[in-house]
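S.K.: Next comes the sequence, and after it the predicted model I'd like to discuss.
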Amino acid sequence: MFQILVASSLLFGAGLLPLIIYRGKEDSDHPSFKLILSFALTILLGDVFMHLLPEVWELEKITPNNFASSNSLVLAGIVLFFVLDRLLGDVVGYLTVLANTIDNFLHGLAIAIAFNVSTSTGWLTTAGILLHELPHEVTDYAVLAQSGFTKQGAIAAQLWTCFTGILGSVVGVYFEQSFSCGKIVLPLTSGIFLYVSTTSLVPSIVEKTSPRDTGLQMVAMILGLALTFWCS
């Protein structure tokens, strides 16, 4: 139990990384902010196609029939959060918090289950999740700032989502198998990330910039994609 809590607490600590990156500066005025958004775009899309959806396919032991079912849930997530965004106003930031809350809870659950297998499996799983989460925390913070969150509000939201990782690990201590609801929430979470990427990040990135800035944004996107490949 102690090792599980230590491992999941590392995820909580990852939520503090944006404080180091953005310390003492207003988010929207940060000189590298648009580069961070470009990096965030490929991190979020990579998370969907190389992390979340493969987990769903593994859970379902994919066949042609349930492959269509999983993809339908992803599309349902996109449509659902489009409707919510239109009805409630600009809620992209809150959708990001919701998606990350679910994602981190499942990460904590995975850590607990891995430690139930063996200590070495638990720490290897923790290391893999941290490699995935560290760049994710920075990019998620950038998305929240882009969505109108204050610096303090974005940090508080990040720490909350990281805390749910600890909560997931505590729940996972008492359950040796993953929840079947993962087959539902993971595709919906994928839909949220796809919606945020295409409606919030892409419009900000494609605003007219100098050729030099465009080139730097392309480099940031390639780096995000390469990191996603490396961490997958």
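M.R.: Received the coordinates, thanks.

S.K.: Longest helix in this structure, please.
M.R.: helix 119-146 (DSSP state H).

S.K.: for that one, which positions count as buried?
M.R.: 122-123, 125-126, 128-130, 132-133, 135-146 (16 or more other Cβ atoms under 10 Å). Heads up, the C-betas are built off the backbone N, CA and C, glycines and all.

S.K.: what's the offset of that helix from the middle of its chain?
M.R.: 8 Å (Cα atoms, centre = their mean, to the nearest Å).

S.K.: Past the helix or strand that contains Phe81, which element shows up next along the chain?
M.R.: Secondary structure from DSSP states H and E places Phe81 in helix 64-88. Downstream of helix 64-88, the first helix or strand assigned by DSSP H and E is helix 92-117.

S.K.: Please spell out which residues along that following helix are buried.
M.R.: For helix 92-117, a neighbour-count test (16+ other Cβ under 10 Å) marks 92-115 as buried.

S.K.: Which neighbouring elements make contact with that helix?
M.R.: Of the remaining helices and strands, those touching helix 92-117 by 3 or more Cβ pairs under 8 Å, 6 or more residues apart in numbering; DSSP states H and E are helix 2-14, helix 64-88, helix 119-146, helix 151-173, helix 182-196.

S.K.: Can you list the helices and strands that the longest one packs against?
M.R.: In other words, helix 119-146. With contacts taken as 3+ Cβ pairs under 8 Å, 6+ apart, helix 119-146 sits against helix 2-14, helix 17-21, helix 33-47, helix 92-117, helix 151-173, helix 211-231.

S.K.: I'd like those helices as TSV, with distance to Ile192 and mean pLDDT appended.
M.R.: What follows is those, written out as TSV (distance: least, Cβ to Cβ, whole Å; pLDDT from 0 to 100):
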stretch	distance to Ile192	mean pLDDT
helix 2-14	19	79
helix 17-21	20	68
helix 33-47	10	82
helix 92-117	4	80
helix 151-173	13	85
helix 211-231	17	85
